[in-house]
Every structure is written in structure tokens, then in C-alpha cells.
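> Provided below are the primary sequence and the corresponding predicted coordinates.
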Amino acid sequence: MRVDAGLRDGVAALAQQAAQRILAVYADVFDVTRKDDASPLTEADLASHRCIVAGLAALTPDIPVLSEESPDAHKARRRDWQRLWLVDPLDGTREFVKRNGEFCICIALIEGDAAVFGLVQQPVSGLLWFGAPGHGAWRREDGVDVPLHYRRGDGPLRVAASRSHRDARTQALIDRIGDVDTVPCGSALKFCRIAEGAIDLYPRFGPTSEWDTAAGQAIVEGVGGMVVDPRGRPLRYNRRETLLNGDFMAMGDPALPWREWLE
């Protein structure tokens, strides 16, 4: 299924509606609870979830929606779906709680096992990124769509260093690369920064969930970049029992010698 301009703009409007619900919570005092995996949950996550799930059901009633906040019984049915919307209604809840603005909304369309369209909305800035493998990627600002291009890996590489998930393996890889500038960045915004040339590489060792990466992968692949596991295989979706990803590297320039850095 090709996401045409009408559907794309419908999804974008929906993300912007969800962003307003998130910001309404962000502007006030809010409670933080913990899910079974100890990750934080706020009313903003749930308000965005309700907005997006209802909106996508209205836009595309024939395509099921799987959100991070969907009930477990709903998640259990996903393996029967050949096409689905995969949603993180508030990616970077830790950043939301810290009030540093580096959180976003992620919406991806999955066909078979591939992310064929992705959209990321940052509520605080109002910026929106979208893209599709083989069709390009854009940043929308004040209603204007700017085409994105990755940066060739010349000079010191700019490597994304997660604010909440920095670990020893990531640091060891950075040390092997050598001449780098580390760029602190939270949530799936790292993928968007790669697509627009502000970051070159995002290594991730340790679990993420499929809704954390699908939209960003579609945007990175839209500019010709890659999101691959340590064997060079693109991340795939909705084909395993678990919703957790393994280790991966996201990069703009596919010519980077990333295999050497993993040896």
C-alpha cells in the first residue's frame, strides 16, 4: 500500500492533535506510574494513545492498529495481520518526565515485515518528519515540506548518544571509531536527525521495542540510509513472538565501515 498525500496528511493532522493532548499534560503537574517492565507511564501517553488509535481507525478502518499502550490481548492477535499501523504514542517518556522536550510521537505503517511509511512528530517544537523507503523523506515546518539528505561520513563522525540509555558497549564502539563528536539526543528523534544530516550514526545495544524504531527506520531508509542488525540485516517487524528488537545500528551514509567497528 502506497501512502498517498491525502492519507499522509491525515496521519500528520492526527499526530498534531495527539501532540496537543501531550502538551496539555506537559504544561501541568502530572503523575508518573510504572508499568510491569518498570518503564514510566503518564496520562500524556494514554491521551495520545486514545487520540491516535481512534483517529487511525477512522482514517483506515481496514488496517488494525498496534500501540505500545494497547491491551495485551490485542497485541496477541498481531501475528495474523499482514498490514498494521505500529504506534508509539509517546516515545521518550523518560525525557517527558525530565521536561527536556526530547520526546515524540511515532506512527509507522507495516506491510508484511517491513516499515513502508513512517512519521515522527515532536510536540514541543512542532516539527514533523515523514518518509518512505525508496520515496524520500521530509521535515515539515510551518506547513513547508523540506526534503532531507543524509551527510556523507567525512570528518569527525557525529554519533548519537542516548540521554537515557548510554551503556558500556556503546562507549566501547565510540572509542573504536576514534574521532567522533557525541550528540546527546533522546527518543526516536535520533533517526530524524540522521535523515536530516545532523547525526551520522546511532548505535543501540540492548532491547528496544518495535514501535520505538519502525517510523524512524522508514524515514532513514527514505533518504538512503540503513537501520541494520550486527549481521547487516534490516530490522523487520511483526514476525516474531517478541516485540523486542535486538542490537542495531542506524546510519545515514551506507558506506560507513560499520562492520569494522563491531569486530
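Done, it's in.
> So what touches the strand or helix carrying residue 190?
Per DSSP states H and E: residue 190 is located in helix 189-195. For helix 189-195, the surrounding residues in contact (C-beta atoms under 8 Å, 6 or more residues apart in numbering) are 92, 102, 104, 120, 122, 127, 129, 131, 137, 139, 148, 150, 160, 162, 183, 185, 199-202, 213, 215-217, 219-220, 222-223, 225, 227, 250-252. For the C-beta atoms, the positions are set from N, CA and C on the backbone; glycine is no exception.
> Where strands are concerned, which of these count?
Residues from the contacts of helix 189-195 lying in strands, with DSSP state E as the criterion: 104, 120, 129, 131, 137, 139, 160, 162, 183, 185, 201-202, 227, 250-251.
> Just the buried ones from these, in PyMOL syntax?
Burial among the ones in strands among the contacts of helix 189-195 is assessed by 16 or more other C-beta atoms under 10 Å; the matching PyMOL selection reads:
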select buried, resi 104+120+129+131+137+139+160+162+183+185+201+202+227+250+251
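> Tell me which of the ones in strands among the contacts of helix 189-195 has the lowest pLDDT.
Among these, residue 162 carries the lowest pLDDT, at 64.
> Flag the shaky bits of the protein, pLDDT-wise.
For the chain, applying pLDDT under 70 flags the ranges 1, 162-166.
> list the helices and strands the longest helix along it packs on?
The residue-count maximum for a helix in the chain (DSSP state H) belongs to helix 5-26. The contact analysis (3 or more C-beta pairs under 8 Å, 6 or more residues apart in numbering; DSSP states H and E) places helix 5-26 against helix 43-59, strand 104-111, strand 114-121, strand 128-132.
> change it to 6 Å
Applying 3 or more C-beta pairs under 6 Å, 6 or more residues apart in numbering; DSSP states H and E, one finds that helix 5-26 contacts helix 43-59, strand 104-111, strand 114-121.
> for these, which one sits closest to residue 2?
Of all the helices and strands packed on helix 5-26, it is strand 114-121 that lies closest to residue 2, at 8.2 Å by C-beta to C-beta.
> separation between residue 99 and residue 68?
According to C-beta to C-beta, to the nearest Å, residue 99 and residue 68 sit 21 Å apart.
> Extract the C-alpha set from the helix holding residue 190 and format it as PDB.
Provided in PDB are the C-alpha atoms of helix 189-195 (Å, rounded to 0.1, in the frame of the first residue of the first chain):
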ATOM      1  CA  LEU A 189      14.400  11.900  17.300                       C
ATOM      2  CA  LYS A 190      17.800  10.300  16.700                       C
ATOM      3  CA  PHE A 191      16.500   8.700  13.400                       C
ATOM      4  CA  CYS A 192      15.200  12.100  12.300                       C
ATOM      5  CA  ARG A 193      18.500  13.800  13.000                       C
ATOM      6  CA  ILE A 194      20.300  11.200  10.900                       C
ATOM      7  CA  ALA A 195      17.900  11.700   8.000                       C
END
